[in-house]
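Colleague: 3D, please:
(chains A, B, C and D)
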Protein chains: 4
Amino acid sequence: MHILLSNDDGYLAQGLIALAEGLQSFAEISVVAPDRNRSAASNSLTLEMPLRAQQMANGFIKVDGTPTDCVHLAITGLLDKEPDMVFAGINHGANLGDDVLYSGTVAAATEGRFLGLPAVAISMVSSDPQNLDTAVKVAGEILQRLLDKPLAKDILLNVNVPDLPWAEIKGFQSTRLGQRHKAEPVIQAKDPRGRIIYWVGPPGAEQDAGPGTDFYAVSQGYVSVTPLQLDLTRYDALDLLKEWLQ
Amino acid sequence: MHILLSNDDGYLAQGLIALAEGLQSFAEISVVAPDRNRSAASNSLTLEMPLRAQQMANGFIKVDGTPTDCVHLAITGLLDKEPDMVFAGINHGANLGDDVLYSGTVAAATEGRFLGLPAVAISMVSSDPQNLDTAVKVAGEILQRLLDKPLAKDILLNVNVPDLPWAEIKGFQSTRLGQRHKAEPVIQAKDPRGRIIYWVGPPGAEQDAGPGTDFYAVSQGYVSVTPLQLDLTRYDALDLLKEWLQ
Amino acid sequence: MHILLSNDDGYLAQGLIALAEGLQSFAEISVVAPDRNRSAASNSLTLEMPLRAQQMANGFIKVDGTPTDCVHLAITGLLDKEPDMVFAGINHGANLGDDVLYSGTVAAATEGRFLGLPAVAISMVSSDPQNLDTAVKVAGEILQRLLDKPLAKDILLNVNVPDLPWAEIKGFQSTRLGQRHKAEPVIQAKDPRGRIIYWVGPPGAEQDAGPGTDFYAVSQGYVSVTPLQLDLTRYDALDLLKEWLQ
Amino acid sequence: MHILLSNDDGYLAQGLIALAEGLQSFAEISVVAPDRNRSAASNSLTLEMPLRAQQMANGFIKVDGTPTDCVHLAITGLLDKEPDMVFAGINHGANLGDDVLYSGTVAAATEGRFLGLPAVAISMVSSDPQNLDTAVKVAGEILQRLLDKPLAKDILLNVNVPDLPWAEIKGFQSTRLGQRHKAEPVIQAKDPRGRIIYWVGPPGAEQDAGPGTDFYAVSQGYVSVTPLQLDLTRYDALDLLKEWLQ
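Modeller: Residues are numbered from 1 along each chain as shown, chains lettered A, B, ... in the order given. The predicted structure follows:
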């Protein structure tokens, strides 16, 4: 068993280091991760420029690209041996509801779909996590289950872990993505030279966050596990659209 | 009716200019687009740095960010008046099957989902399109239909137009996304200083490209129209996953 | 006579366009300029990544690099025919005193030193110049003199033009670089997520700005022309240093 | 005595780490360095975007900017206590002759000129140095001399160290900058998508490299020490230019 690890916080992130240490007793681990923070990179892929990869003293390979670049390179030739699975994380910060659209962590896992094997994105629901070991234990539990009872080959799991000691975690829940309100307005400011700049505002508050959603599960102390689509077709609209187009 | 236009080829792209000209008889048009080529930017959002917007002589606003940044800014405060709809494109190059995951054009339309109104991504199936006016006519047709027979408020359409004269287009088809084979291997090379660099390889050949797919429709001379999911939850796996987690 | 034009404000800048129009009656003009604003790029050269060049409708070639990259490419192979001289500008904003160290405009001219022919950097002493035609006339005057009475082959001139109508310009002065006070302190701020960011502060006020300096000349309504060193050796310290090292 | 260290190879470079260790017995050391390789950044300064600084476990502060940004921030407010001197390096690779124009290492030292105290750039004449400890010893020697016999307050020294064991170093020489031939032609290539790209070619061979130059000194096994100008005015051309302008 050979597991590829990546993230979007960069190869120096504590969450990634903790994950690599935690999973090395289960499998051979290769780490290919961005050389710096690439949060919110989504599935962006670097086509216009070449990438450079460098192996660091601890064996991690850093790449001057996005999370998707890292996993893409790793599974299309950078690594001598193709990995059997992809784990992305442990992200410092939640990836809940609409967040998954932008998340570089989820994107790293998504790029693993080429493998036709399970890929798992793991995030701590705190941007300054105090209980990384809880997420490491969660990762180990999920990996063990995947080894014992394999899931469909193309499954992609989005896992969010409350920032609590393991003993306070109430269990695992299968959830759907909730939804946020529209993002907060863009923040207009001036640079020191008096010219206008814009900062993307904070994400919207939770809108659809009731029982069954990922938002709800983590708020109640559960690990949220959401299965994600790889096929973005909206099948239930195909017939309607067919009629509409005539 | 106020339509926001964006793209991922940049504000100077012929496809964008043609689209703006083509739709201006239907509605008020605002263009907010990247200041340079941002193909394959996916839904990446710039959180770490501020953005700058500048209105050009032709009224277009260029932003030094991703397609998602452009639409996000436009609908969260940059424009005085909120748009009613988003059109992204006309992209120089197809966005079929797995491509939509990486596409900045599709991402620009996706970001329009905040509006709760239809968003449309339009691409020419050629990176050097000879029949942009065909795609302009397609855009006009779709817009006219949306005005006449509104669709569900949160629909996102991914439209691909064969690079053919309008007279040779056989019609419109409602399609699902096809699928590509695994991408070609990463291309290893050396820079002039002798150090190894990697280029992301070409996308894989079409794998699932039979009747019903977007690949098939455009190959047969049809405009392909695919409805896309905004909710990435894989609902049919929720129960299985629930059991698996116990 | 074939003159290469470049700048650091980008290929769309009014100053560059005005300069190209102004000099085309004197010589064949090639423009190779950055695809976007690259102010304060100094002599930075892109070694790690490849560059892309694209010819625009007006004949200008834009490059996704620094001013130095642009001139370097132009005179080492991008242009079929080697230029005989380099003009950089017209910069929107002064390049006086310590500014020349950081200036991309001066750097573009400096890179022209490979030609062993005069290179000229021209700047308007206003970031929103109202009298670009004055600087165009200055450029023409200097070019005419260079043609009539050639200077030493490796001369580099840094020209600053007051933002005044031509009739109000009092003449040309040969000047030395003045000096600024230490830059204003770094400006500490917070991004919208509460994290600390730093903006480089404004340049210091003029310190050494008396008669003879470039600061003084422009303040008096003169065009300032400063000859610059290509050889950075501090010759008058060589003997002292020799002794000190023993 | 408080010494600021920076470089252009990034905060993880062995040369910087060795220098910090080597000088810590002489003085209090603060390290502010780029978060990644910024070779050939010259004196470029980031004015359009804010910078972020982060203190690492070893006390080094990394900044997402150029070498000049790093030193500028450090001496205009980032550090609580203003440094008394700047050492830049140890660069992995020579900075000889024309190289100094582009060098980020030399630029880091140059930015120290605001201090009005000696600033020193140190480079190993090998891009993969085997004898970093030789350069560390050189740095210590120079620092000791500066403490014992202070030089003029605004002196800037450019030091190049042959990649030899200390015992094989023949001594220190006060040198002038040599000069290279024109750079090799730009290298035209194609990216995997068939589009033309350009790589900046290698620097030219040594042209002016005889006795007295920095090229010559290092080729003979000496440490080359070149005093650099801060004032780029070409004084010996002022009178000629005055006449020429009339």
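
Colleague: rest of the way, CA atoms for contacts and neighbours
Modeller: Will do.

Colleague: show me what contacts A:Leu157?
Modeller: Applying Cα atoms under 8 Å, 6 or more residues apart in numbering or on different chains, one finds that A:Leu157 lies in contact with A:Pro118, A:Ala119, A:Val120, A:Ala121, A:Val225, A:Thr226, A:Pro227, A:Leu228.

Colleague: Let me know the helix or strand that it is in.
Modeller: Per DSSP states H and E: A:Leu157 is located in strand A:156-161.

Colleague: State whether A:Leu241 is indeed within a helix.
Modeller: Yes: using DSSP: H, G, I helix; E, B strand; the rest coil, the assignment for A:Leu241 is a helix.

Colleague: List the residues that contact it.
Modeller: Contact partners of A:Leu241, counting by Cα under 8 Å, 6+ apart, are B:Ser174, B:Pro227.

Colleague: which among the contacts of A:Leu157 are in contact with chain B?
Modeller: Among the contacts of A:Leu157, the ones lying near chain B by Cα under 8 Å from any Cα of the partner chain are A:Thr226, A:Pro227, A:Leu228.

Colleague: With B:Gln229 as the reference, measure out to the last one.
Modeller: Right, A:Leu228. 11 Å (Cα to Cα, to the nearest Å).

Colleague: Name the residue in the two with the higher neighbour count.
Modeller: Taking other Cα atoms under 10 Å in any protein chain shown, A:Leu228 and B:Gln229 do not tie; A:Leu228 has more neighbours (24 against 20).

Colleague: Can you flag which of the contacts of A:Leu157 belong to helices?
Modeller: If you go by DSSP state H, the contacts of A:Leu157 have nothing in helices.

Colleague: Show only the entries of the residues you listed found in strands.
Modeller: Those of these mapping onto strands are A:Ala119, A:Val120, A:Ala121, A:Val225, A:Thr226, A:Pro227, A:Leu228, per DSSP state E.

Colleague: Doesn't A:Glu111 lie inside a helix?
Modeller: Yes: counting by three-state DSSP, A:Glu111 is found in a helix.

Colleague: ok, it touching A:His72?
Modeller: Yes: using Cα atoms under 8 Å, A:Glu111 is in contact with A:His72, at 6.5 Å.

Colleague: follow-up on the earlier one: TSV for the ones in strands among the contacts of A:Leu157, including distance to A:Ser127 and pLDDT?
Modeller: What follows is the ones in strands among the contacts of A:Leu157, written out as TSV (distance: Cα to Cα, whole Å; pLDDT from 0 to 100):
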residue	distance to A:Ser127	pLDDT
A:Ala119	22	96
A:Val120	19	97
A:Ala121	16	98
A:Val225	19	98
A:Thr226	20	98
A:Pro227	23	97
A:Leu228	23	96
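
Colleague: Columns distance to chain C on top of these, output as JSON lines?
Modeller: Shown next, in JSON lines, are those (distance: Cα to the nearest Cα, whole Å):
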{"residue": "A:Ala119", "distance to chain C": "30"}
{"residue": "A:Val120", "distance to chain C": "27"}
{"residue": "A:Ala121", "distance to chain C": "24"}
{"residue": "A:Val225", "distance to chain C": "27"}
{"residue": "A:Thr226", "distance to chain C": "27"}
{"residue": "A:Pro227", "distance to chain C": "30"}
{"residue": "A:Leu228", "distance to chain C": "28"}
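
Colleague: Now render those as TSV, adding distance to B:Pro83.
Modeller: Formatted as TSV, those follow (distance: Cα to Cα, whole Å):
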residue	distance to B:Pro83
A:Ala119	38
A:Val120	37
A:Ala121	35
A:Val225	36
A:Thr226	33
A:Pro227	33
A:Leu228	30
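
Colleague: Stretch A:100-110 and chain B in contact?
Modeller: Yes: for stretch A:100-110 and chain B, the contact criterion (Cα under 8 Å from any Cα) is met by A:Leu101, A:Tyr102.

Colleague: Distance of A:His181 relative to A:Glu82?
Modeller: Note on A:His181: its distance to A:Glu82, by Cα to Cα, is 41 Å.

Colleague: That should have said A:Glu243, apologies.
Modeller: A:Glu243 sits 45 Å away from A:Glu82, going by Cα to Cα.

Colleague: ok, now A:Tyr235?
Modeller: Distance check for A:Tyr235 against A:Glu82: by Cα to Cα, it reads 33 Å.

Colleague: What about the nearest residue to A:Lys149 once chain neighbours are set aside, how many residues nearby?
Modeller: In space, and not counting its chain neighbours, A:Lys149 is closest to B:Trp244: 7.9 Å by Cα to Cα, 6 or more residues apart in numbering or on different chains. For B:Trp244, the neighbour count with other Cα under 10 Å is 15.

Colleague: phi, psi of B:Trp244?
Modeller: phi -60, psi -30 (degrees, to the nearest 10).

Colleague: Let's see the pLDDT reported for it.
Modeller: B:Trp244 carries a pLDDT score of 95 in this model.

Colleague: now the ones next to chain B among the contacts of A:Leu157 as TSV including distance to B:Gly194?
Modeller: Output for these, formatted as TSV (distance: Cα to Cα, whole Å):
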residue	distance to B:Gly194
A:Thr226	45
A:Pro227	44
A:Leu228	42
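
Colleague: And the residue nearest to A:Lys149, how close does it get to chain D?
Modeller: B:Trp244 is 41 Å from chain D, where distance means Cα to the nearest Cα, to the nearest Å.

Colleague: How about A:Val100?
Modeller: 26 Å.

Colleague: who's in contact with that residue?
Modeller: A:Val100 makes contact with A:Val106, according to Cα under 8 Å, 6+ apart.

Colleague: how about the helix or strand hosting it: buried residues?
Modeller: If you go by DSSP H and E, A:Val100 is part of helix A:99-102. Within helix A:99-102, the residues that count as buried by 16 or more other Cα atoms under 10 Å in any protein chain shown are A:Asp99, A:Val100, A:Leu101, A:Tyr102.

Colleague: what does stretch A:82-90 give?
Modeller: Buried-residue list, stretch A:82-90, by 16+ other Cα under 10 Å: A:Pro83, A:Asp84, A:Met85, A:Val86, A:Phe87, A:Ala88, A:Gly89, A:Ile90.

Colleague: again with stretch A:199-211
Modeller: When burial is assessed from 16+ other Cα under 10 Å, stretch A:199-211 yields the following buried residues: A:Trp199, A:Val200, A:Gly201, A:Glu206, A:Asp208, A:Ala209.

Colleague: hmm, who's touching it?
Modeller: Contacts to stretch A:199-211, defined as Cα under 8 Å, 6+ apart, come from residues A:178-189, A:215-217, B:46-47, B:49-51, B:69, B:72-73, C:192-193.

Colleague: Sort out which of the residues you listed are buried, if you could.
Modeller: Buried among these (16+ other Cα under 10 Å): A:178-180, A:182-183, A:185-188, A:215-217, B:46-47, B:49-51, B:69, B:72-73.

Colleague: What is the lengthiest helix in chain A packed up against?
Modeller: In chain A, ranked by residue count with DSSP H as the criterion, the top helix is helix A:132-148. When contacts are defined as 3 or more Cα pairs under 8 Å, 6 or more residues apart in numbering or on different chains; DSSP states H and E, helix A:132-148 sits against helix A:14-23, strand A:85-92, strand A:119-124, strand A:156-161.

Colleague: So what angle separates the directions of that helix and strand A:156-161?
Modeller: Angle, helix A:132-148 to strand A:156-161, by axes from the mean of the first three to the mean of the last three Cα atoms, to 10 degrees: 150 degrees.

Colleague: what mean pLDDT does helix A:132-148 have?
Modeller: Per-residue pLDDT over helix A:132-148 has a mean of 96.
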